[in-house]
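S.K.: Please find the sequence and the predicted model below.
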Amino acid sequence: MSYELLFKKIYKTSFWTSVAGLFVLHFGFSQTILVQQIIDSFTLLQLPLACSKMKTITN
């Protein structure tokens, strides 16, 4: 699997996780915990991606 395809899949997953989280947030289920979970999920999915991108740029 190429890095570009992996990047697209990770970005789509994190994007839709955020959208789903905001949808639930709109209905008021435990806002502060949910906001933190959205931020964490986006960050945890983007960190490995950033590391892999740095490796391809430096090689």
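M.R.: Everything's here; your move.
S.K.: so where do the helices sit in this protein?
M.R.: Shown for the chain, the helices assigned by DSSP state H span residues 3-26, 31-58.
S.K.: Lowest average pLDDT across those helices?
M.R.: When those are ranked by mean pLDDT, helix 31-58 comes last with a mean of 69.
S.K.: May I have the residues that are in contact with Ser18?
M.R.: 38, 41-42 (C-beta atoms under 8 Å, 6 or more residues apart in numbering). Backbone N, C-alpha and C define where each C-beta goes, glycine included.
S.K.: And these, which is closest to Ser2?
M.R.: Using C-beta to C-beta, Phe42 comes nearest to Ser2 of the contacts of Ser18, at 22.3 Å.
S.K.: Count the neighbours of Ile38 for me.
M.R.: Neighbour count of Ile38, defined by other C-beta atoms under 10 Å: 19.
S.K.: Spatially, what comes nearest to it if we skip its sequence neighbours?
M.R.: Spatial nearest neighbour of Ile38, chain neighbours left out: Gly21 (3.9 Å); criterion: C-beta to C-beta, 6 or more residues apart in numbering.
S.K.: distance of the one you found from Leu5?
M.R.: 25 Å (C-beta to C-beta, to the nearest Å).
S.K.: So those two - more neighbours on which side?
M.R.: Using other C-beta under 10 Å as the criterion, Gly21 and Leu5 rank with Gly21 on top: 18 against 9.
S.K.: show me what contacts that one?
M.R.: 34-35, 37-38, 41.
S.K.: Now distance to Ile10 too, for the residues you listed, in TSV please.
M.R.: As requested, the contacts of Gly21 are exported to TSV (distance: C-beta to C-beta, whole Å):
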residue	distance to Ile10
Leu34	21
Val35	21
Gln37	17
Ile38	15
Ser41	11
